[in-house]
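Give the three-dimensional model of this entry:
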Amino acid sequence: MKIIVDAFGGDNAPLAVIRGAVDAKNEYGVDILFTGDEATIRKVAAENNISLDGVEIEHAPDIFTNNDQPSSIRTKAKANTSLAVGFRLLKEGKGDAFLSAGNSGAIGAGSMFIVKRIKGVKRVAFAPVIPNISGKFMLIDSGINTDVRPKVLQQFAVMGSVYMEKVLGVKNPRVGLANVGTEEHKGDELRQETYQLLKNSTPVNFIGNVEGRDIPLDGADVVVCDGFTGNMIVKTYEGVALSLLKKIKGIFTKSVKNKLAAAMILGDMKQFKKEMDLDEFGGTAVLGCAKPVFKAHGNANERTIKNAVRVCMEYVSGNVIETVTEAMSAMADSEEEDQA
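Numbering: from 1, shown residues only. Predicted coordinates:
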């Protein structure tokens, strides 16, 4: 299996990306193909004693920055960026998946317009897997689609359900609709119409509306929402988690007595921190894309990249795209029968 990695995507590129991807290669036995300026990649690797033996490099002299317009990923001016080259290589079948920690909007645009969507899928979506009190859940969409229709959210529910079952092994995952109340009539027109679609005509385990406070309390395995709502949820979630960890650290370090107490539960606290650490989940799948594309967050470190490569491998091995394609086809056939 070969993973294409954008060596110049993210705040800590290229060193963190190179080190993390090479660590993944060494531990998981995966092949790595970097896109980016070859001379810089080799120089950074040499300066940090990172062996590039067995690693491929596709020279791409330019960088797609966070200040660039996402839609320009398709233009000639950005064709030689490490991001655009990575998308083209994936489209041409030169790798099994593509990973970047670069410009989120451009990754969404590249997935839609360079690699293209799965047949029948109306929109691609960012679908991060996030820790909760019992394990983990998926949030879909977390930022690409701020203005959607009920049919799009219905497809998000199907794609998210497939991912959770095929990649993470969650049997018959519970699908919830993010809303301001659990009652069927709650929410705006979008939420109400989506509720009826999910309730009456979607092949998923729909459990109804899920309020914000229930999301971290294992309210659902897949939480469906528009990109604006999802981005607010995930950013708030990250902020609360970081603030709680800092508060807990402050409590345990403010006195000798508290430090002694902390030493007694050090192992448990390390496990708790690991479970709440988004870096453990690596990358965010771009669901609906015709080939596997993953987005790591912009400040990804080497551990994030390593885990993201692992998740890419699990995604490919889980045959997610094939299963989503079959699900979209089945939904289309069902709708045709209903209209006949």
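
pLDDT weak spots in the protein?
272-282, 336-340 (pLDDT under 70).

what ranges do the helices span in it?
Secondary structure of the chain by DSSP state H: the helices cover 15-28, 38-47, 82-91, 104-110, 150-166, 189-201, 227-253, 256-264, 266-275, 302-317, 320-339.

possible to save those as TSV with mean neighbour count and distance to residue 207?
Any C-beta I mention is one placed from the backbone N, CA and C, and that applies to glycine too. What follows is these, written out as TSV (neighbours: other Cβ atoms under 10 Å; distance: least, Cβ to Cβ, whole Å):
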stretch	mean neighbour count	distance to residue 207
helix 15-28	21	35
helix 38-47	15	47
helix 82-91	25	35
helix 104-110	24	28
helix 150-166	24	11
helix 189-201	17	9
helix 227-253	15	18
helix 256-264	11	39
helix 266-275	12	23
helix 302-317	22	25
helix 320-339	14	19
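
want to throw those helices into CSV with distance to residue 218?
Below are those laid out as CSV (distance: least, Cβ to Cβ, whole Å):
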stretch, distance to residue 218
helix 15-28, 29
helix 38-47, 42
helix 82-91, 35
helix 104-110, 27
helix 150-166, 13
helix 189-201, 19
helix 227-253, 14
helix 256-264, 27
helix 266-275, 13
helix 302-317, 21
helix 320-339, 23
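
of all those helices, which lies closest to residue 6?
Closest to residue 6 of the helices of the chain is helix 82-91 (Cβ to Cβ; 4.9 Å).

how much does the closest one deviate in direction from helix 38-47?
100 degrees (axes from the mean of the first three to the mean of the last three Cα atoms, to 10 degrees).

Pull up the gap between residue 56 and residue 2, please.
Distance, residue 56 to residue 2, using Cβ to Cβ, to the nearest Å: 8 Å.

what's the overlap in contacts for the two?
Common contacts of residue 56 and residue 2, defined by Cβ atoms under 8 Å, 6 or more residues apart in numbering, comprise 31, 32, 33.

so the first one touches residue 24, yeah?
No: taking contacts as Cβ atoms under 8 Å, residue 31 lies outside contact range of residue 24: 10.3 Å.

what's the overlap in contacts for the two?
residue 3.

List the contacts of the residue nearest to residue 145 when sequence neighbours are not counted.
Spatial nearest neighbour of residue 145, chain neighbours left out: residue 227 (4.2 Å); criterion: Cβ to Cβ, 6 or more residues apart in numbering. Neighbouring residues of residue 227 by Cβ under 8 Å, 6+ apart: 125, 126, 141, 142, 143, 144, 145, 146, 148.

can I assume the first one is in contact with residue 140?
Yes: with contacts defined as Cβ under 8 Å, residue 125 counts as touching residue 140 at a distance of 5.1 Å.

which residues do those two both contact?
Contacts common to residue 125 and residue 140, judged by Cβ under 8 Å, 6+ apart, are 156, 159, 287.

start to end distance for stretch 17-37?
Stretch 17-37 stretches 13 Å from its first residue to its last (Cα to Cα, to the nearest Å).

what's the distance between it and the middle of its chain?
Its chain's C-alpha centre and that of stretch 17-37 lie 19 Å apart, by Cα atoms, centre = their mean, to the nearest Å.

cool, and stretch 149-160?
Mean C-alpha position of stretch 149-160 versus that of the full chain (Cα atoms, centre = their mean) differs by 16 Å.
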